[in-house]
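Participant: The sequence isn't on hand, but the structure is:
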């Protein structure tokens, strides 16, 4: 990876870490499914009228859009909505890099050197330390993380891994077009899920699903709109366009580990904006993640040529 590509990868993960704070902020005034629908609707429209279709088979575009929009961020927003702390959500979603690296090695036969393996293991240990400490802290404070929220986040991480594999297979040349057009296929699954949830909720609790739909269709406040617009244009259009391009150019195993910085970014912005303090163990875990990423980065810079081919 070139120096510019390293900088872009770091910038994107900083944005993604901050995005969890933005989600938590907006979800206070907005239904999570409404937030997901509006985010990807604004990502697709009106840009699809000015950007031609992506240069890949439409089946990749449709599958990626459904999994990425509804499968990843629909589940993340819902997990936060039912009580999952935003910081812990950002941590759990980072199970995806390890699944992605595993997929890169097993499916695509990408090679890992010893220093890369050590870097991944080190970062994973740091990730586990932070995750365990955050979970125990929530339990001590009487805010135990529900199993449903944990399952939703694990599923979101799994779907994100599949999305990375789709990018690797499809290799879209126009990443902006791919991002915009795939977002067009998010609203319909969200609407179907809303109807399904309304019917299930009605059968279990006796609550009319029309109430769920009324809440879902409620327009956001100014705070909600700011959250949606940030997620649509900064997180999605900019962030994932750059990320998709980096994966296509540099490979899954090289790019995916950078997302390990997302939880550290989330912890940092939580400290800045919400005065959240970090324990010694959280700082130690964060340091391990940084060391692991440094091992991965230095290995690529020294052992690999500056320009790599997939």
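Facilitator: Ah, there it is. None of these values were measured; they are calculated from a predicted model.
Participant: For the rest of this, base every contact and every neighbour count on C-alpha atoms.
Facilitator: Fine.
Participant: What count of nearby residues applies to residue 273?
Facilitator: Counted with other C-alpha atoms under 10 Å, the neighbours of residue 273 add up to 9.
Participant: separation between it and residue 85?
Facilitator: From residue 273 across to residue 85, the span is 15 Å (C-alpha to C-alpha, to the nearest Å).
Participant: repeat for residue 290
Facilitator: Residue 290 is 23 Å from residue 85, where distance means C-alpha to C-alpha.
Participant: need the next SSE after the lowest-mean-pLDDT helix or strand in the chain, C-terminal direction.
Facilitator: Across the helices and strands of the chain, mean confidence by mean pLDDT, DSSP states H and E is lowest for helix 209-216: a mean of 54. Following helix 209-216 in sequence order, the next helix or strand is helix 222-229 (DSSP states H and E).
Participant: Can you point out the buried residues in that next one?
Facilitator: Buried residues in helix 222-229, defined by neighbour count with 16 or more other C-alpha atoms under 10 Å: 224, 225, 227, 228, 229.
Participant: tell me the contacts of the first one?
Facilitator: Think residue 224. Taking C-alpha atoms under 8 Å, 6 or more residues apart in numbering as the contact definition, residue 224 lies against 25, 26, 27, 29, 30, 35.
Participant: and if you look at the fourth one?
Facilitator: Residue 228 sits next to 26, 35, 38, 39 when contact means C-alpha under 8 Å, 6+ apart.
Participant: can you pull the pLDDT of the residue lying closest to the first one once chain neighbours are set aside?
Facilitator: So that's residue 26. In space, and not counting its chain neighbours, residue 26 is closest to residue 224: 4.6 Å by C-alpha to C-alpha, 6 or more residues apart in numbering. As predicted, residue 224 sits at a pLDDT of 86.
Participant: Could you point out which residue ranges in the stretch 101-250 of the chain have low pLDDT?
Facilitator: Residue ranges of the stretch 101-250 of the chain with pLDDT under 70: 134-146, 197-198, 200-219.
Participant: What are the buried residues along the longest helix seen in the chain?
Facilitator: The residue-count maximum for a helix in the chain (DSSP state H) belongs to helix 114-140. If you call a residue buried by 16+ other C-alpha under 10 Å, then helix 114-140 has these buried ones: 115-116, 118-131, 134-135, 138.
Participant: okay, now residue 238: neighbour count?
Facilitator: Neighbours of residue 238 (other C-alpha under 10 Å): 16.
Participant: likewise residue 49?
Facilitator: Neighbour tally, residue 49, other C-alpha under 10 Å: 9.
Participant: Would you mark the buried spots in stretch 45-65?
Facilitator: Buried residues in stretch 45-65, counted by 16+ other C-alpha under 10 Å: 53, 54, 60, 61, 62, 63, 64, 65.
Participant: Nearest to residue 243 among those residues?
Facilitator: Within these, proximity to residue 243 (C-alpha to C-alpha) peaks at residue 64, which comes in at 14.2 Å.
Participant: secondary structure element for that closest one?
Facilitator: Using DSSP H and E, residue 64 sits in helix 58-65.
Participant: Can you tell me which helices and strands that helix packs against?
Facilitator: helix 147-170, helix 175-183 (3 or more C-alpha pairs under 8 Å, 6 or more residues apart in numbering; DSSP states H and E).
Participant: highest average neighbour count across the ones you listed?
Facilitator: Sort the helices and strands packed on helix 58-65 by mean neighbour count, taking mean count of other C-alpha atoms under 10 Å, and helix 175-183 sits at the top with a mean of 26.
Participant: what's in contact with that helix?
Facilitator: With contact meaning C-alpha under 8 Å, 6+ apart, helix 175-183 is reached by 40-41, 43-44, 47-48, 51-54, 61-62, 64-66, 69, 172, 236-237, 240-242, 244-245.
Participant: what angle sits between it and helix 58-65?
Facilitator: In terms of direction (axes from the mean of the first three to the mean of the last three C-alpha atoms, to 10 degrees), helix 175-183 departs from helix 58-65 by 70 degrees.
Participant: what's the angle between helix 175-183 and helix 147-170?
Facilitator: Interaxial angle of helix 175-183 relative to helix 147-170 (the same axes, to 10 degrees): 130 degrees.
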